[in-house]
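>>> the following block contains a protein sequence and its predicted model.
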Amino acid sequence: MKTFQIRPAAPDDAFCLSVLATQVFLEAYAYKGIYPVIARHVQTTYSLAAMQDLLRTQTVLLLCDGDALQGFAQLSPLQQQDGGQRCELERLYFLRCFTGQGLGAALLQASEECARAMGADLIWLRAWAGNHGALRFYARHGWQDVGQTWFEMEDGRHENRVMQKVLCATLKASE
């Protein structure tokens with residue numbers, strides 16, 4: 001059985017977080033190679049400075065085996081919407097070599113528990129419509145596809161699916 005721990009990120013984790021996020025993004029989205037638009041996005045979004053800023057403003061959970069970072073989840077601050085507290089799971093990234101070992105499920109469950117502890121009654125995310133494995137993964141864990149949105153990177157638009165999961169039994173799934 002795989003051993004791992006899930007813990008809150010600390011400022012010293014920014015460097016490894018930057019590298020892991022870059023690798024996972026490129027594995028998922030640079031399937032045709034590295035275009036300048038992808039390179040600019042990665043250099044801006046996943047730089048060490050960007051990760052340091054992220055750790056100051058958002059909740060990040062790390063999935064580790066000892067000192068080895070294997071994945072992370074990034075949760076936005078709570079947002080009041082339609083009379084409830086919403087939390088966005090902005091990223092759930094883990095290294096592809098750990099797929100199928102239950103680590104993603106453990107990290108997703110920890111993210112849901114963290115959002116609930118923050119006071120969220122609903123958690124939502126945006127997933128690339130072309131990432132069929134991720135969409136099936138979320139559906140298997142009780143997330144519902146509730147619509148479409150677009151991820152814009154420079155002048156390109158990429159379809160994303162909006163998925164959500166109700167965390168509070170008193171909130172209706174349709175909200």
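Noted; the coordinates are in hand.
>>> all the helices of the protein, in order from the start?
14-29, 36-45, 48-57, 103-118, 132-140 (DSSP state H).
>>> against V24, how distant is F98?
11 Å (C-beta to C-beta, to the nearest Å). (Glycine included, C-beta is placed from N, CA and C.)
>>> out of the helices of the chain, which is closest to R7?
Minimum separation from R7 across the helices of the chain (C-beta to C-beta) falls at helix 103-118, 9.4 Å.
>>> now what about that closest one, what contacts it?
Applying C-beta atoms under 8 Å, 6 or more residues apart in numbering, the contact partners of helix 103-118 are 2, 4, 6, 59, 61, 63, 70-73, 75, 78, 85, 87, 89, 92, 94, 98, 123, 137-138, 141, 165, 167-168.
>>> in it, what counts as buried?
103-104, 106-108, 110-112, 114-115, 118 (16 or more other C-beta atoms under 10 Å).
>>> make a markdown table out of the residues you listed and add pLDDT and distance to G147.
Compiled in a markdown table, the buried residues of helix 103-118 are given as follows (pLDDT from 0 to 100; distance: C-beta to C-beta, whole Å):
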| residue | pLDDT | distance to G147 |
| --- | --- | --- |
| L103 | 90 | 28 |
| G104 | 91 | 23 |
| A106 | 95 | 27 |
| L107 | 96 | 24 |
| L108 | 97 | 20 |
| A110 | 97 | 26 |
| S111 | 97 | 21 |
| E112 | 97 | 20 |
| C114 | 96 | 24 |
| A115 | 96 | 20 |
| M118 | 93 | 23 |
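>>> what is the most widely separated pair among these?
Of all pairs in the buried residues of helix 103-118, the most separated under C-beta to C-beta is L103 and M118 at 22.3 Å.
>>> the residue positioned nearest the centre of the chain pairs with what?
What sits nearest the mean C-alpha location of the chain, by C-alpha atoms, centre = their mean, is R91, with 1.5 Å. Taking DSSP bridges, one obtains Q74 as the residues bridged to R91.
>>> residue contacts, it?
R91 neighbours (C-beta under 8 Å, 6+ apart): 21, 72-74.
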